[in-house]
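Trainee: pasting the structure only:
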């Protein structure tokens, strides 16, 4: 069924790339995660890590060179012979975001370019649930899709040299959260007081497959939550 | 006690061959820039070859040992002193508390390694001791900072160095084609494999950039996985070779993957070095 739907290639001495030919679609996250889990399950001793992006899996092995080309063939067989049939019951994380102009540096620009009211940006952005496709770019940075088409906007031509930790941005139809201060090319619309990466336990808050819902908060609520996060008393709403 | 830092340039860090366990949370592999040299520096001490060592950028590096041990310094061509005596590279030396080691000058290459018998003691995070600033703080960078190791008494039998030198001004990188290379025009392909490129000053542990520009017509890709050694072609037509602290995903077309041996050698090239890509069918 998937025969012409994916391409498999050796990426380096110990890694294989499986690239699927499909649109970026929330349902395809389930497909990718299904095959990721399948590969890990069938090869638990020889595989270190399988990571996914929007439409690909990167399989990283413990061993080098000798077996990698035969391994590519067996991976191909495994995918061809298994029908993906599982949906994931993922958790929904509620992420508070303050969409004030103080944090949303590009609200005005988006409003002008996309011809919408500034207030509409936060409304549209927080109206839907997003899927976490994968974590990349920085430790804990979630790639979420899709935003409402009225919010679609290109990256900055020249990235900002630094934006604050917690900044929420849009690039194309993607939205994401900067887990730390960083150079940034995404258009910034707000900020969350939550930590997206737990530096003590070295763990990302979100994982591929999770859902995210943004909850608009006022500046004073933002500061209150920030204080609770600092004192480790804030409970993230997960349903 | 430990080794005590007396003097150092920037970019000094504890490294091993890197971490795999954080990739899905967006944490880079990291690890030593030059695996060949790092493994050899440990092997000379009869260490397990992946034991945490100190990676040193360029020269003017000086430390004091505060416990007895055996050490070796891995570099391609450098002037290294133990107290007042010039010493050999990739050779085991016994030291006593109070001895001073100095890397005075690096004549060839960029990165050198200091290993001690049984490795430096450094906490492991997600399966690796490698330092990556966004994950684990570096505790050994300022004057008088300490880095611990277990004391060792005795000598280590000499062994033969298994490391080939190479031209540090001009290098051919062995590469395999990556998915997006099939979309390159014939002209760009010709340029890619026939032109000589120059290593930019804009190079660090994340990526080495090349000065020349290709007439790239490829658009950005849907964000995909990248690895150290991945050669990306930016929308401006510049080539960028991802190094050990590379991000785990990227949006520029991936055209080539540099083989591991070539990547270690590339790490030792200085700005203005000449680079050519040599295509192989397989790894």
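Mentor: Yep, that arrived. Predicted, not measured: the structure shown is a model, and the values here were computed from it.
Trainee: bridged to the residue of the stretch 151-283 of chain B found nearest chain A, which residues?
Mentor: In the stretch 151-283 of chain B, the residue that lies nearest chain A is residue B:249 (3.2 Å; Cβ to the nearest Cβ). Quick note: C-beta positions are derived from backbone N, CA and C, even for glycine. Bridge pairing for residue B:249 (DSSP bridges) gives the partners residue B:225.
Trainee: so it is in contact with residue A:141, correct?
Mentor: No - between residue B:249 and residue A:141 there is no contact under Cβ atoms under 8 Å: 9.1 Å.
Trainee: any idea which residue of chain A is furthest from its center?
Mentor: residue A:66 (33.9 Å; Cα atoms, centre = their mean).
Trainee: and chain A, which residues reach chain B?
Mentor: A:7, A:9-13, A:15, A:17, A:19, A:24, A:48-49, A:51-56, A:58, A:60, A:65, A:68-69, A:134-141, A:143, A:180, A:197, A:199, A:202-204, A:207-208 (Cβ under 8 Å from any Cβ of the partner chain).
Trainee: what about the stretch 151-283 of chain B, any weak spots by pLDDT?
Mentor: Low-confidence segments of the stretch 151-283 of chain B, defined by pLDDT under 70, are absent.
Trainee: residue contacts, the residue farthest from the centre of chain A?
Mentor: Under the criterion of Cβ atoms under 8 Å, 6 or more residues apart in numbering or on different chains, residue A:66 has no neighbours.
Trainee: would you agree it falls within a helix?
Mentor: Yes - counting by DSSP: H, G, I helix; E, B strand; the rest coil, residue A:66 is found in a helix.
Trainee: roughly how far does it sit from residue A:14?
Mentor: 10 Å (Cβ to Cβ, to the nearest Å).
Trainee: quick check: end-to-end length of stretch B:119-133?
Mentor: End-to-end distance of stretch B:119-133 (Cα to Cα, to the nearest Å): 21 Å.
Trainee: what does that stretch contact?
Mentor: Residues outside stretch B:119-133 that contact it (Cβ under 8 Å, 6+ apart): A:202, B:3, B:13-22, B:27-28, B:30-32, B:42, B:47-48, B:51-54, B:135-136, B:138, B:147-150, B:245.
Trainee: so how far is it off the chain centroid?
Mentor: Its chain's average C-alpha position is 15 Å from that of stretch B:119-133, according to Cα atoms, centre = their mean, to the nearest Å.
Trainee: for chain A, where's the lowest mean pLDDT among helices and strands?
Mentor: strand A:47-52 (a mean of 87; mean pLDDT, DSSP states H and E).
Trainee: next SSE after that one?
Mentor: As assigned by DSSP states H and E, the chain's next helix or strand after strand A:47-52 is strand A:56-61.
Trainee: check contacts around the residue of the stretch 151-283 of chain B closest to chain A.
Mentor: With the criterion set at Cβ under 8 Å, 6+ apart, residue B:249 makes contact with A:53, A:134, A:136, A:137, B:26, B:223, B:224, B:225, B:226.
Trainee: how about the fifth one: what's its closest non-neighbour residue?
Mentor: Sequence neighbours aside, residue A:135 is the residue nearest to residue B:26 in space, at 4.3 Å (criterion: Cβ to Cβ, 6 or more residues apart in numbering or on different chains).
Trainee: please look at the one you found and residue A:144 and confirm they touch.
Mentor: No - using Cβ under 8 Å, residue A:135 makes no contact with residue A:144, being 10.6 Å away.
Trainee: and the two? which has more neighbours close in?
Mentor: Neighbour tally, residue A:135 and residue A:144, criterion other Cβ atoms under 10 Å in any protein chain shown: the higher count belongs to residue A:135, 31 against 24.
Trainee: tell me the contacts of that one?
Mentor: So residue A:135 contacts A:141, A:142, A:143, A:204, A:206, A:207, A:208, B:24, B:25, B:26 (Cβ under 8 Å, 6+ apart).
Trainee: re the thing from before, list residues touching both of residue B:249 and residue A:141?
Mentor: Overlap of the contact sets of residue B:249 and residue A:141 (by Cβ under 8 Å, 6+ apart) consists of residue B:26.
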